[in-house]
Each structure stands twice: as structure tokens, then as C-alpha cells.
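Visitor: Provide a 3D model corresponding to the input given below.
(6 chains)
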There are 6 protein chains.
Amino acid sequence: MFYSDGKLQYPVRVDNPDPLFARALQQAIGGVEGEIRVAMQYFFQAMGARGPKKYRDMLLNTATEELGHIEMLATAVALNLEGAPSSLTDEAARDQVVNAALGGMNLKHLLSSGLAAMPVDADGVPFDMSHIYASGNIAADMTANVTAESTGRVLAVRLYNLTEDAGMKDMLQFLIARDTMHQNQRLAAFEELGGHEKAFPIPNSHAQSEEAQKFSYAYFGHLVDQPVPEGRWTAGKSIDGKGEFTTLNSEPMGEEPKLAPARPGSGAQESQMKSTP
Amino acid sequence: MFYSDGKLQYPVRVDNPDPLFARALQQAIGGVEGEIRVAMQYFFQAMGARGPKKYRDMLLNTATEELGHIEMLATAVALNLEGAPSSLTDEAARDQVVNAALGGMNLKHLLSSGLAAMPVDADGVPFDMSHIYASGNIAADMTANVTAESTGRVLAVRLYNLTEDAGMKDMLQFLIARDTMHQNQRLAAFEELGGHEKAFPIPNSHAQSEEAQKFSYAYFGHLVDQPVPEGRWTAGKSIDGKGEFTTLNSEPMGEEPKLAPARPGSGAQESQMKSTP
Amino acid sequence: MFYSDGKLQYPVRVDNPDPLFARALQQAIGGVEGEIRVAMQYFFQAMGARGPKKYRDMLLNTATEELGHIEMLATAVALNLEGAPSSLTDEAARDQVVNAALGGMNLKHLLSSGLAAMPVDADGVPFDMSHIYASGNIAADMTANVTAESTGRVLAVRLYNLTEDAGMKDMLQFLIARDTMHQNQRLAAFEELGGHEKAFPIPNSHAQSEEAQKFSYAYFGHLVDQPVPEGRWTAGKSIDGKGEFTTLNSEPMGEEPKLAPARPGSGAQESQMKSTP
Amino acid sequence: MFYSDGKLQYPVRVDNPDPLFARALQQAIGGVEGEIRVAMQYFFQAMGARGPKKYRDMLLNTATEELGHIEMLATAVALNLEGAPSSLTDEAARDQVVNAALGGMNLKHLLSSGLAAMPVDADGVPFDMSHIYASGNIAADMTANVTAESTGRVLAVRLYNLTEDAGMKDMLQFLIARDTMHQNQRLAAFEELGGHEKAFPIPNSHAQSEEAQKFSYAYFGHLVDQPVPEGRWTAGKSIDGKGEFTTLNSEPMGEEPKLAPARPGSGAQESQMKSTP
Amino acid sequence: MFYSDGKLQYPVRVDNPDPLFARALQQAIGGVEGEIRVAMQYFFQAMGARGPKKYRDMLLNTATEELGHIEMLATAVALNLEGAPSSLTDEAARDQVVNAALGGMNLKHLLSSGLAAMPVDADGVPFDMSHIYASGNIAADMTANVTAESTGRVLAVRLYNLTEDAGMKDMLQFLIARDTMHQNQRLAAFEELGGHEKAFPIPNSHAQSEEAQKFSYAYFGHLVDQPVPEGRWTAGKSIDGKGEFTTLNSEPMGEEPKLAPARPGSGAQESQMKSTP
Amino acid sequence: MFYSDGKLQYPVRVDNPDPLFARALQQAIGGVEGEIRVAMQYFFQAMGARGPKKYRDMLLNTATEELGHIEMLATAVALNLEGAPSSLTDEAARDQVVNAALGGMNLKHLLSSGLAAMPVDADGVPFDMSHIYASGNIAADMTANVTAESTGRVLAVRLYNLTEDAGMKDMLQFLIARDTMHQNQRLAAFEELGGHEKAFPIPNSHAQSEEAQKFSYAYFGHLVDQPVPEGRWTAGKSIDGKGEFTTLNSEPMGEEPKLAPARPGSGAQESQMKSTP
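Guide: Here you go, the predicted structure:
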């Protein structure tokens, strides 16, 4: 069960409202790198967490923190929209100094939400919950969480560089720091899961004797007319400690597929119903 | 530029066509853990790769391999659909031994594709290219690739366990092995990027002195009425080697947000246009 | 069956074509508050209407009117796009007086539709038919229709305030008036359905004796550290006339969920397969 | 800021796990009538609420409660999935008594989430956040909330009727009761907003003198060859108290639209570039 | 403006209601080959038709007919759903003779629409209006319409073969016939547009002298290790009458792309900011 | 299986980087007329091609070429983004001569991809794989391919007209030429399939004797109060050579639909459960 106190985790202050920055901030709310994604991802991972309770607790705990980040960002969007132009003849609408020019702001902020945040990205595309990765495998989920916090911090840094507003910079400093923690936190979970050599390959519960092991550590070259370029991934011990990297030029091991002719009554053309040379 | 030889990277054989397994295989084509995702993700990451050419080459190379995996799986779907029922009175339609019962197969395989693979998941939901994570930050991209290959191998293992068809098991053994390699390959790229202590926090080009450092390694507790449970993430050196994990109970540092009253002419109710106590 | 006469329900005149206003008008076509939504919603509600025929007739009738509103708005978009810039060096492309600046218009109007309306919103996001609410419960459907006409009129008013074009203002005056009627019409349907005390709670065919009645009229407080703020919803007779509003501070009545360990062969990590303390 | 205690608002008990019912319950999580929708809708409405603080408080409060409902339902899904078949030869896979037959369950529960809830509907379609209606007009928002709670209670009643599991019925009794309260709560908000005569037409801040008033209370007949059927909406005082309902047969007031010929260089066919008779 | 008479264009009769066939019919309503698509596609093409009025008239006319086809199919779905099981213990739920088994029907027909049609496909995926192709080029639009009617007739034939219900077969016979007409009608439009030699390449208003003409009629071979297989497209006069088909093995004419290093402050890793060998 | 050489099929040169043109080019990558669509469409058609191998070969071959077109366009986007503004105070951000003004560029190019191409359209809407038309009927597929290449060439011409950059114009000349070839190639396939008289109506495997033949070549008039306008489609031999075009005014042949009352326990209102007059 959840509780709220209606207060913000960290102060949100906008010194110079800027509707274009409001649009940019939407990416951190409803973008695939945004806060709805992490809040809901950790929540659904917690809901399906089977096994040691400590992972469930950590996931639910951080999901709860992230809800407060959506709250901070939604407040920041609403404050940045105060002062936006509301008609095409409004003098703010074409102001070259203010970024508020109507052409650049998200028109749905004006037409749909009445100058408030929406669960959409910087282009007004609604967040789609298929981006909630919760696989039921706790290690795979942790990789998804490192991804979420890494792309999230990249985004926050870009927003920080985009604005000159001191209030917004202060808020973003806080969010960047939290992403630093959350990246580390998910990497720490990996250590608790046994580190690379125990946790990988994911899932570690599948006996490797059942996979086609001669291809398990081979780098296949598909770039024609050139030698396979060297990298850590072409030679040496594999990171999971269970093999040696090798390289080979890829050759087809299978034939061209042969499908049966189309079945009568299946809505094909007549000529498709014959066997073909 | 690309080339094809029309042959399969690895043989695809279906001993007992099973339309329900065809539906399950769709998850590996058009699901968020599937092969369209990895092929297109590595391709777009390669297209935007700035900096050392070796990452671009590796990404393009593996994208090219993954195109061949879609080809294998699409062939497997088409072969599994041979023998599916095509009318409600077809005796196969309600066969309790064959899994081909009409109710369980994806009706679009019958109605839309004419017994062939589609770029959709196991529920017939089309793949949405917003799942292509290509951030322009090579380290963040590698975290996304570890995720893709981890959830991909989890899926392949589940498919392997689901079927008893020897041909399908053989194909899946190969794909599982390739996912083992690709997980290792992306982890190896991390070593080349400097390992956890050099690559993290991502992006490593943002001066940490600009973030709110006192929150950078603190685990905030949001679970009320209980002590913060201990884990690798609550104490000890942070994984990026730049701080010490601590814990604290989360308290709001900000106030309740105060938005301005609604603006005249903004489509609100009249009562919203007054300042509120 | 349907008929058309190709004429417009109400005159559509654009005095000063404005591609940015064309983009704004798209919200009234393909936005979630737009006319495709109401036309299709009333149509599908009519198609599934079981019970008194008068509701089906009213729904089909108004669906038919709304098709004509899409027609009017699509015409308005096409007329507003006449005169849009078509190249980056076109002098209109950067004109600061005309709103036609390329940066602000929807580029798909130029690239995809050839200067015509599309079934998308103001950000170019296509309308998604999941927004057609047709529940099979005629009262629930009427609540959805009040919502559609209320958000629709809010949008029309915002568009009216946005433009200075006399032709467009005239058209919007008409559409605003129709939304006034349609709001009233759906509220009137509620009276015919018995008013609040007979129609609510929806569905009224479920015996309230089967619900957990002690929670049916209680306002649970989830805001910590503050008294529950008073409102019409915290005390007094409930609007459906069947209870008395009360308040209580929410406390968990259930325990922490306990899921079984992960099953062998289910693609989890090994450590998830043990029971956990 | 948010807090959690990890406990459930109300006990969730599953006596006979049923994967098909797990699939049905998904509609109450990720369907358009589901709990993600209400939680996020009230949250975003609260974030953008301008004007009297009591509405913001009520919205945030109930959003917080609804987060706990997702938690209850996600737990119910995970429990219902325990015992699902995991291979095509598993004897549970074709059991005619248990509903667990593989064909009927959501395969993504097996393949994607590892036997846990997902933010998708009963057909596996992910929830799309465009369904979060938050218009910035508090009255329009309340109409959307009545809709959400009405369709939500209709769904809960259908789920209640679908299952025979005593544990599930008990949980649904609770959720049905909460929907009763929330319907009443939003209707109560309308009284506080002034009731039908003060709040309608929405938005009430637009001067009706600017709309085309002769069409504001007229029911247009578009059904040919039949008299306009009578209803509360064809005669008598309008519900907003500001007009009298009338009826008239719809006739086009506008002409056929005339668009300009296609512009040279606009990608049209040559024949489209001439004026047409 | 539109009118309706509430009657069906052609009789719709269901002799043996079948919820699984209801699910299949949804593909013809909300599938990409379905009737919403053609109705809305012709409508939006008509709205943007510039040039000769006869095309606009034809498009609007046929759009109007197609609205009536959605009406017929939606009625067919509602009738097929009468008799569906509504609880998991309902004896119809597991009936092996009736196709109504709960596992096979679309659960949203039960949970969301109350036994009525929805604007979704056979898997419950909502129709997405991005499938409305209306390019502003009348010839390109006609190609899209031939496609729509061809895939539509393929679907109708498959549905016809799927069912044994005489009423449904009769309705589908009618719809198949109409698709025959509409295919011919769009091909006839091509003749009116000048036939292949005048209308192609589309758009015919672009001077071919500006395209890279030496590649305009060449079939590039990308299949390695095999001669280019012969077909009508490898030799002989081109269909537009403006060239001769030739073949050549594809070779890259461009170099490897060279992107600039990542910009400081752009959120990349430090190592990406250097020029690379 | 696939191979790549990392080189471009045709040189890509950008003389004057322009972030707004980068946004426009996205339509040719991830728009419904774009290259992802053709590459994937031909690929999936090839995968499901039953019948003569030559169609499969042609489809796979051209799919492979189109992958190289995505590569060219993605490179063009990345090059056009070099020099984009990265902060709101960056002087390029409001430059009226350069098109790089922040308001007009796609903010996700800055925030999400780090100045690289994404699989989205010009409005940032991600490509949705439901646009891959692969019906299993080779003739229907060819109609879809003519559509794809026609709308694709219309788009390429519009992009060509939009830019003044000589490098970009050169690249587009090449792509326009390839679209010319691909239109012709698909039309040529039709000849090989027997031409209009043998291939139509699609599917040609359905006996026309089973369709309602008296409606197979009739143009129904739904435009009231006007004679049916004449066209090639109203009289003369049908294009498939199997009938004569006729016209008739559409009249309903069916009655008003009569649905059964709502079932008890189905979540309807009580008043819906009675038979209605």
C-alpha cells in the first residue's frame, strides 16, 4: 500500500519559465528513458519477484522513490508553462528571445492539458507500457535497470546542458546524483547475485551442456572483404569465465528454406498452389 | 551495403508442425525480447556511433548476423503452420492432441499472413520501433545490449523448455549459444571501455562535481515502519569506486507545489482562476 | 447504411491560411478529444446497444452528425495549408509574421499528406481506436460521452482563443454550440436512465449486498501527516442516495504478498528457486 | 513524495490458481478500464490542478490508493499463474477441467514475465498512456473520472461473475465497493463545483454569447425517412438550465468544399495541378 | 454531411452464434485489411483530393458505402456473441463442440464491450489510424486502394472458408463481391489517370531528367554466389514505357561513413570525443 | 544469411548540415512511406512466399538492397545533425538563417539519440511494424509493394524539393531512380502473374461463382440528391475482363439489426435486460 505527503522530495524552482524547456522535460517524464518507465518497471519487477525477498524490497523501495521524481518533473513542466502564449497573435508567440515561440512548444500543452505535464515524450508521443521490462529473471531485470538508469542519466545530463535556468539546473543536479546511485545500486545487486562469473550467462539455471557449445564463444564475421577486427571480444577468456573467445567467418550451415505450396482454400493465388522447381 | 545468400545460418527443421508453437515463436521475432529488436538496435547504434570505429564495426557485424536469426525464426514459424486447421469444422480445429486447436493459435496467422510469420509478438501485438535503444552514448548502448541478450536468452530457454520437437530444440540450442556469446561480447566491450570504474557513472563525460554529490551514493528508504534492509547497496565502496554507500530515511526536502491560478481564456472552470488558500 | 451529399453541415471559411493553425486543428480531428473519437465512439456504442431502442437511435444519429464534423475540420486543415512553404529556402519558411514557419508546422502535412488533413493529433501522433469507449453498459457509455463532449468543448474553446481568423472563429462557434448540445443531450439521457439515484452505482444490475459494503462510502486518507481535508465527499448522504460518506485513515488490511519460489525450468536464476526467509 | 509499507490494502487470496483468470485479471491492470489508468489519471490531474487546493488533494489522495490496487491485482495474477503448464506436453497443458490449457492462457505470462503480472490488457496489448485524461479543466476531469470508475466497476462486476474462486470473489467485492465510493466521490465533486447548472456547459468560463447559440440546444436529425424519435433530449429545459431542447432535420448549411489545385512541386500527379470544373 | 437510415445494406443473419468466429470477424473490422481502414482511407483521400472533382466524388461515395460495411460486420459480431459463456464454470466454457470455449474467444468481448464489436483486430489489437494512406497524390492513393481491396478480399475469402454458418457465408458472399467491384473500380481509375505509361512513375510531375537515370531501370543483384535470376523485371521494356530493364551486380559506390567525434557536453563517453583512426 | 561491407551503396554528402532537414529525412526512415517499411515488408513477404521461387528471390534481393537505403539515410541524418544547437542559449538555437532553430528540430535528436538517426518519422512517432503488409497472396503483396514504392517516391520527390543542399539532392536523385525501378519491377511482376485479367480479382483462387455476382461490378451511389457521376468505373468492361460496370442507387437490402436484450450478470444496466419495443 502507498502513502503520500504531497511534498516534493527535492525543491523545484523555475526562475524563467520556458515552454520549450517544458517540452524537453517531457522526455524525462514520458520518454523511454524517463521516470514513468523506471517507477513502473521497478514496481512490476517487485510484483513478480520470486526468490530472495531483499530484491523485492529494494525494487519496491526504489519504485516508490521514482514516483516522487515524476511528481518533481511534472511540477517543473507546469511551472515552465506559466507565461506560454495562448493565441497566435499573442506577442509571446513569436518572441525571438523567449523560447516560448508557439511553433516550438508542444501544442498539446496548450490544447490538451491546459498548461500542465502529460505522460508523453518531447514529441508528444504517449508512453507505452511495453517498455516495462520485468522478465521474472532477477539478473536479467537488473541488466534492464542498469540500462534504464544509464540512459536516464544521459538524458538528465543533456537537459542540464540545455538549460541556463538556475532552478532547473539545481533540480537536475539532484536527479543526476540519484541516477548515479541507482546505477551503482543495480551493479551492486549483480555482485550480490554472484558477479559475472556466477550470474552469466543469464539465465544461469539453464545447463550449458544443452546449448550448442561450439558456437557459445565465437565471434562470427559478417563483414565481407575485410579481416575480423580485433577486440576484447575476439580472443581471451570469456567474461563469464566459462570459455575462450574465438573468431570465424560466418558461412551458412543451413540450406535455402523450402515451404510447401499454398494450400487450396487459403486465399493464395492459384499459381502458388503448385510445387516449384 | 548488404548482401544475402538466401541460405540459413543454421538448419531449421520442424518434425511435428504445431501452430501453437508457431505463436510462441512469434515472441522471439516481434516480442520486445526478440530478434527484430536486436537486429535493428545494433544497426541504429552502429549508424550513430561516434568515436572509435571498432564499436561501430562490431555493432554492424552483429546486426548483420541477427538479420539471419529473424530469417531462421520466420522459417520456423512458416513450417510450424503447415497443417494448421483452416475452418471451424476442420477436424484439426478441435483436436485435443495436436496443439493446433483453432482457439489457441494466432488467428492472424490464418487470416492475415496466410500461414507465415509476422513482425508481431505471441499475442499478435506488432513490434514498435521505440524499443530500439540507441542513445549515442556507447556505454549506455552496451548496457542496453546486455539487457537485450539477457532477456533474449531467457526467452529462448523458455521456448526450448516449451517444445518437445527435436528440430526446434536443435535450432534453439544454436540460438541460446549465440545469446551466450553476445552477452559475453557486450560485457567484453565494457572492459574495453575501461570497466566499471572508468565507464561509470554513465555518461562519464559529465563532471561529478556538478551533481548533488551528497545524494550520489545514498540509499533512500521509502518503506515505512521498517528498517532499511541491508544489501551490497547499503554499505561499502560504490561499484564505480567513487564513493561509499550510505542509507537514510527519505524525508521531503521540498514543499507542496504551488501552481498559479488558471489563466483567463485557457479553457478552465471559472473557479480555477482565483488564487486559493 | 449511410449516405452523404458532399456538402458541409456548416460553412468553412479560412481568411488567412495558417499552417500552424492547421497543425492545431489536427487535435480536433485525431486528438483524444477530437471528432474521430466521438463519431466512432457513438457508432460502436450504437452497434452494441442492447435494450431500449431509443438509445441506439440517438447514438447512431449523433455519430452520423459527427462524421460531418470531421469533414468540416478536414476541409479547414486543407484550406489553412494553402500557402505553406514547401522548401527550406522558400521565403515563407522563415517568415516571422506568418505562422507558417517550417519549424512550427507539422512536416507530415508537407511530406506525407500533400497539404491535407490526416487522422493524427497536433503532434502528428495517429489516433488509436482503443479510445473508443463502448462498454455495453448504456449508463457507463453515457458517462464516457459526457467526458468526450466536455473535453471536446474545452479543446474547441482553446482553438477559438488561439486564432484571430474570422472564418475559423465562425466555424468554431458552431462546433462549440454543438458540444453544448451534446453535453446536455448525454446528461438528459441520464435523467431518462433514472437519474443519479437509480442509475448509480454503475452497473446498477449488480446487487450491492454482494459488495464489501463497509467500504462503499468511505473516503480513505492516504496523505500522511495531515488530517483528511473536508469536502462534499467526506460527509453527508452519498450522491446515489444509498449510503453516508465517512472518512478513515487507510491501514493495510493484508499482509506482504508471498509468492512461491521460481519453478525449475522457468528461465529464472538459480537463486530464485529456493524458498526465502 | 511517496511511501510504501509493502503490505496489501486488502487481503489477496487465490484458492484455485487459474491461468485463464490471470489473463482476465490483466484487463483490470492494463486495460483501458483498469487501475494503471486511474492511478496515473488522478496523479496527472493532481499535478496540473490549478485553483482550489482541495481538488488537488483529493486527486493525489485517491491516486495513492489506486497504486495499492495495482499491487493487489498484480499479486492476484502472480498467484493465479502458479501451477500453469510450462511445456506443450505438460499434462496441464490440455487439461479440460482446469482452465490452464496453454491455448487459452496469455503466452507472454509464460514467455515474457515468468509467471507474473504485466502492464497489458487481457489480450496482451500494452497500456498506452494516451488514456490518461487530464485536461486542466477540473470539471472535465471529473467527468473523465466518473467514466473511469463506471467502466471500472462494470469490469470488476464482470470479473466477479466470471470466477468461482472464493478468494478472488472476496478481493473483487472490495474493489467493487471502492469503485462505488469513487463514483460517488466524483459526483460529489460536481456538487462542490456548483452542480449541473453552474458547471455546464464545460468549460463554464467561455461566454455562451460567443457560441452560435441557435444550435446550442437543438437535436439535429440525421436518420432519414423517419421522424426524430422523442427523448428527454428533444424537448424541455436543457439540463444546464440555460436553454430549451428543440429538434430539426439536418440540412447542409455549407457548400461542397473547393480546394485549390495541387501546387507545382508538391508531389502530386500533373492532372491535379489544373483547376477543375 | 452524412445521413443514415439505420438499416443494413445487406441482410446479416447468424444461424449458429460462435464467439470464436466473432473474434475472427474482428479482423475485418479493425484489422489492417478491414473496413474501418477503407472507410477512413477513402474519406481522408476525398478530403485532400485536389484536381478533378470526379475522384473526390468517387472516394467520398465509396467511403460512405464502407461505413455501412462496418455496420454489417459489427452486427455480425454482436449476433455471434449471443450465447457466449460468461463464467469459468459455465458449461459452454469448455464445450468441445461449440467453438465458444472461453480460452479461444476474445476475453475483451466479455470484459470490455459486453458482447459487442470493438474497433480491434482478431487479437484484440486496436486499429491505428496511421494505416490511413492518403498521400495527396491521386495515383499513389489509387495504388493504396487496390492494395486495401486486394488484402480485404483475401481476408473475406479466408473468413468465408473458415465458417460453415449459412448466414455468415451469405453476408461474406456479398462483401467479397463488393471487393471485386472496388478492385476493378480502382484499376479503372488508373485507366482514367492515363494508364501505366502516363501515370508512372508516380508522381509523374517530377521530371525524370532530375533523377539518376542510369539506375532507373536496373535490377541490382544483392544475392551473392548466384546469377541474377531472370524475370520480366530483368529485361525488356519497362512497364512505364520509358526505359529498358537491365541487371547488374550491386557494388558499393560510396565509402564507409565518417561521423565527427561526439561533441563535448553531448552526453557521450569521453572516449567518443576523439577522432578515431 | 546476410553480409555487409560497411560501405554505402551510393555516396552520402551533406554540404550544409541542417537539423530541420534531418527531421524531415526521418520520414524516409521511419515514416509509413519509408525504408524500414519496404526493407521489412519485402523480407517478410519473402519469408512467407509459397509457390514459384522467383518471387521469393526477387523479394529477398530487394529487401537486401533496401537495408542499404536505411543505412544511407541514417548517415544523412547524422551528418545533418552535426552543428545543431545543444543549449537554449546556444546562438544557433535561434538563428533565423540556419534552419537549426531548436524549436524546429526534433528534440529527441538532441535528447535521446545524441545527434543520430532514430527509427521514427518526421514527428518523432516510432515506426510500427503493423505496416508490414505480407498477406501470403503474392499478387496482393505486389499491390502493396506498388503502393510502398509509389508513396515512397512521392516522399523522396518532396524531400528533393524541400532542400537546396547539393549533396542531399544528389543522394535523393539516386533514391528516386531506385523507386522508379522498384515501381516498374512490381508492375512487371504483375505481368508475370498473368496481368489484370488473370490475376484479378485477388485472390484468383476463389471461385467467383460463390460470390454474390450481381453486385460484383456495380457502382453503388451513396451521394444523395445527385446523379451518379460518370467515370471509367461506371460503364464498360471491367478491368479484370469478367464483367460489365453498372451503376445503381444504393438502397438498404437489410432491416434494422435486432440484438437480444442484455444478459443477466453481464454488467449492463437493469433496463437493458428487457426486450424493447
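
Visitor: now A:His222: closest residue in space that isn't a chain neighbour?
Guide: Nearest non-adjacent residue to A:His222, counting by Cβ to Cβ, 6 or more residues apart in numbering or on different chains: B:Thr64, 3.8 Å away. All C-beta spots, glycine's among them, are computed from the backbone N, C-alpha and C.

Visitor: try A:Ala116
Guide: Nearest non-adjacent residue to A:Ala116 (Cβ to Cβ, 6+ apart): D:Gly48, at 2.5 Å.

Visitor: kindly report the same for A:Ala268.
Guide: Using Cβ to Cβ, 6+ apart and skipping the chain neighbours, the partner closest in space to A:Ala268 is A:Ala262 (3.4 Å).

Visitor: just give me the longest strand of chain A.
Guide: Using DSSP state E, we find that the single longest strand of chain A is strand A:244-249.

Visitor: can you count the residues close to A:Asn16?
Guide: By other Cβ atoms under 10 Å in any protein chain shown, 16 other residues sit near A:Asn16.

Visitor: how far away is it from chain E?
Guide: For A:Asn16, the distance to chain E equals 21 Å [Cβ to the nearest Cβ, to the nearest Å].

Visitor: so is that residue in a helix, a strand, or just coil?
Guide: Recorded secondary structure, A:Asn16: coil (DSSP: H, G, I helix; E, B strand; the rest coil).

Visitor: show me what contacts it?
Guide: A:Asp165 (Cβ atoms under 8 Å, 6 or more residues apart in numbering or on different chains).

Visitor: kindly report the same for A:Val154.
Guide: Applying Cβ under 8 Å, 6+ apart to A:Val154 gives the contacts A:Glu33, B:Ser135, B:Gly136, B:Asn137, B:Ala140, B:Ile202, B:Pro203, E:Gly267, F:Gly114.

Visitor: got the contact list for the nearest residue to it once chain neighbours are set aside?
Guide: Among residues not flanking A:Val154 along the chain, E:Gly267 sits closest, at 4.5 Å (Cβ to Cβ, 6+ apart). The contact partners of E:Gly267, by Cβ under 8 Å, 6+ apart, come to A:Val154, A:Leu155, A:Val157, A:Arg158, A:Asn161, B:Ser135, B:Gly136, B:Asn137, B:Pro203, B:Ser205, B:His206, F:Gly114.

Visitor: which SSE is the second one in?
Guide: Of the helices and strands defined by DSSP states H and E, A:Leu155 is found in helix A:138-162.

Visitor: swap in A:Tyr55?
Guide: Assigned by DSSP H and E, A:Tyr55 falls in helix A:53-80.

Visitor: buried sites along that helix?
Guide: Neighbour counts over helix A:53-80 (16 or more other Cβ atoms under 10 Å in any protein chain shown) mark A:54-80 as buried.

Visitor: next secondary structure element downstream of it?
Guide: helix A:107-111.

Visitor: quick one: is that following helix near chain C?
Guide: Yes: Helix A:107-111 lies within reach of chain C by Cβ under 8 Å from any Cβ of the partner chain, at A:Leu107, A:Lys108, A:Leu110, A:Leu111.

Visitor: any low-confidence regions in the stretch 101-250 of chain A?
Guide: Within the stretch 101-250 of chain A, the stretches with pLDDT under 70 are A:101-103.

Visitor: what parts of it come near chain D?
Guide: So far as Cβ under 8 Å from any Cβ goes, the stretch 101-250 of chain A lies against chain D at A:112-120, A:126-130, A:132, A:134-137.

Visitor: show the buried residues in those.
Guide: Buried members of those, counted by 16+ other Cβ under 10 Å: A:112-120, A:126-130, A:132, A:134-137.

Visitor: thought A:Phe21 was touching A:Asn161?
Guide: No: contact criterion Cβ atoms under 8 Å: A:Phe21 and A:Asn161 do not qualify, at 12.0 Å.

Visitor: of these two, who's got more company?
Guide: A:Phe21 (26 against 21).

Visitor: per-residue pLDDT, that one?
Guide: Reading off the confidence values, A:Phe21 has pLDDT 93.

Visitor: before we move on, what about A:Val12?
Guide: Taking A:Val12 on its own, its pLDDT is 97.

Visitor: that one is in what secondary structure piece?
Guide: Per DSSP H and E: nothing holds A:Val12, as it lies in no helix or strand.

Visitor: follow-up on the earlier one: F:Leu8: which of the contacts of A:Val154 is nearest?
Guide: B:Gly136 (20.4 Å; Cβ to Cβ).

Visitor: thinking the closest one is in contact with B:Ala46, fair?
Guide: No: B:Gly136 lies out of contact with B:Ala46 (Cβ under 8 Å); the separation is 12.0 Å.

Visitor: specify the angle between the helix holding A:Leu155 and helix B:138-162 in degrees.
Guide: Here the directions of helix A:138-162 and helix B:138-162 differ by 150 degrees (axes from the mean of the first three to the mean of the last three Cα atoms, to 10 degrees).

Visitor: now do helix A:138-162: distance to the chain's middle.
Guide: 7 Å (Cα atoms, centre = their mean, to the nearest Å).

Visitor: buried set for that helix?
Guide: Applying 16+ other Cβ under 10 Å to helix A:138-162 flags A:138-162 as buried.

Visitor: chain neighbours aside, what residue packs nearest to A:Gly51?
Guide: With Cβ to Cβ, 6+ apart, the residue lying closest to A:Gly51 is C:Gln272, at 3.1 Å.

Visitor: report the contact partners of the one you found.
Guide: Residues near C:Gln272 by Cβ under 8 Å, 6+ apart: A:Arg50, A:Gly51, A:Pro52, A:Asn137, A:Ile138, C:Pro261, C:Ala262.

Visitor: of those residues, closest to chain B?
Guide: A:Asn137 (4.9 Å; Cβ to the nearest Cβ).

Visitor: so the closest one sits against A:Asn204, correct?
Guide: No: look at A:Asn137 against A:Asn204 with Cβ under 8 Å: they stay out of range, at 9.1 Å.

Visitor: could you tell me which residues touch both of the two?
Guide: Common neighbours of A:Asn137 and A:Asn204 (Cβ under 8 Å, 6+ apart) are C:Gln269.

Visitor: from the residues of the stretch 101-250 of chain A next to chain D, which land in helices?
Guide: With DSSP state H as the criterion, helices contain none of those.

Visitor: quick one: which of the contacts of A:Val154 is nearest to B:Gly243?
Guide: The closest of the contacts of A:Val154, once distances to B:Gly243 are taken by Cβ to Cβ, is B:Ile202, at 15.3 Å.

Visitor: for the nearest residue to that closest one once chain neighbours are set aside, give me its contacts.
Guide: Excluding the flanking residues, the one nearest B:Ile202 by Cβ to Cβ, 6+ apart is A:Ser150, at 4.1 Å. Residues in contact with A:Ser150 (Cβ under 8 Å, 6+ apart) are A:Gln183, B:Ser135, B:Asn137, B:Ala139, B:Ala140, B:Thr143, B:Ala144, B:Ile202.

Visitor: likewise for A:Gly136?
Guide: With contact set as Cβ under 8 Å, 6+ apart, A:Gly136 has these partners: A:Gly48, A:Arg50, B:Val154, C:Ala262, C:Ser266, C:Gly267, C:Ala268, D:Ser113, D:Gly114, D:Leu115, D:Ala116.

Visitor: out of everything not next to it in sequence, what's closest to it?
Guide: D:Gly114 (1.8 Å).

Visitor: the one you found: what's it in contact with?
Guide: Counted by Cβ under 8 Å, 6+ apart, D:Gly114 has contacts A:Gly48, A:Arg50, A:Ser135, A:Gly136, A:Asn137, B:Val154, B:Arg158, C:Ala262, C:Ser266, C:Gly267, C:Ala268.
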